[in-house]
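In: No letters, just coordinates:
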């Protein structure tokens, strides 16, 4: 009789423990719960560029294309963060942002001989809506997401003096246009405990920007302001490795 009582008690304790574990995990991923994450962003542009097009010389409009020219953009890494909220057991909204990464810009075509010609920083906060599969109590939860990002650029600088003098013809300032773009996202999370989890996501962002260059060109008649531009397609693939905490 004692042995039977012990067996029943043991089964009861195990059942209670399992029930508590499932309810704790569920509570952490159900509607109304918040979470934050921190991790590592790797941005890999799938870049291309149109040739440089001169749009004005000395204030007079022109339309001159410089063939076999262009620019490429390097990959970059930065620290990223997320703040999120489960609207339902399966749908969550996440705001992603990071410390602005710095990209190296290199010449392409006949400009490739100059190597790295400049640098630029990028800010691209994103709002993403995600659908999580499996039940709220599951430790492993894959998801699909779609969202939008507003990408702006700062600190655009020509760093190669040889390129500046020989290819552009004088001291040059640069800037890039701000763009809105969709975000297509896929990933998963894995819960280690009621509150702590880790995750991996990959995003594809189809976007392009227009680089504008203002050159104080040295000419036989003196210094002339020349403006030019090039469209740079970025289309980055963004990988995010993160650790998070659910409230």
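Out: Looks like it arrived, so ask away. Treat the numbers as computed from the prediction; the structure is a model and nothing was measured.
In: mind listing what residue 239 touches?
Out: 41-42, 44, 200-202 (Cβ atoms under 8 Å, 6 or more residues apart in numbering). All C-beta spots, glycine's among them, are computed from the backbone N, C-alpha and C.
In: between those residues, which is nearest residue 104?
Out: residue 44 (13.3 Å; Cβ to Cβ).
In: Isn't that closest one up against residue 236?
Out: Yes. Contact status for residue 44 versus residue 236: in contact at 6.1 Å, counting by Cβ atoms under 8 Å.
In: who has more neighbours, the two?
Out: residue 236 (24 against 15; other Cβ atoms under 10 Å).
In: Now the two most distant members of the contacts of residue 239.
Out: Most distant of the contacts of residue 239, by Cβ to Cβ, are 44 and 200, 14.9 Å apart.
In: picking that back up, show me which of the contacts of residue 239 is closest to residue 223.
Out: Among these, and counting by Cβ to Cβ, the member closest to residue 223 is residue 44, at 39.7 Å.
In: just to revisit the earlier point, which one of the contacts of residue 239 sits closest to residue 143?
Out: residue 201 (8.2 Å).
In: Would you agree that closest one is in contact with residue 186?
Out: Yes. When contacts are counted by Cβ under 8 Å, residue 201 is listed as touching residue 186 (6.8 Å).
In: Touching both of the two, which residues are there?
Out: residue 145.
In: Settle it for me: which of those two has more neighbours?
Out: residue 201 (24 against 14).
In: What strand or helix carries the more buried one?
Out: Using DSSP states H and E, residue 201 falls within strand 196-204.
In: Mind giving me the packing neighbours of the helix or strand following that strand?
Out: With elements assigned by DSSP H and E, the helix or strand that comes after strand 196-204 is strand 208-219. Contact here means 3 or more Cβ pairs under 8 Å, 6 or more residues apart in numbering; DSSP states H and E; on that basis strand 208-219 packs against strand 140-158, strand 170-176, strand 222-233.
In: Tell me which helix or strand in the chain has the weakest average pLDDT.
Out: The weakest-scoring helix or strand in the chain, judged by mean pLDDT, DSSP states H and E, is helix 2-29 (a mean of 44).
In: and the helix or strand just after it, which strands flank it?
Out: Later in the chain than helix 2-29, the nearest helix or strand by DSSP H and E is strand 34-44. Next to strand 34-44 in the sheet, as set by DSSP bridges, lie strand 76-86 (antiparallel), strand 237-246 (antiparallel).
In: circling back to that earlier point, show me what the strand holding residue 201 is in contact with.
Out: 35, 37, 126, 128, 145, 183-192, 235-246.
In: likewise stretch 209-216?
Out: Outside stretch 209-216, the residues that reach it (Cβ under 8 Å, 6+ apart) are 52, 71, 151, 153, 156, 168-179, 223-232, 234.
In: Dig out what the closest residue to residue 178 other than its chain neighbours forms beta bridges with.
Out: Nearest residue to residue 178 in three dimensions, chain neighbours excluded: residue 152, at 4.3 Å (Cβ to Cβ, 6 or more residues apart in numbering). In this entry, residue 152 is beta-bridged to residue 123, by DSSP bridges.
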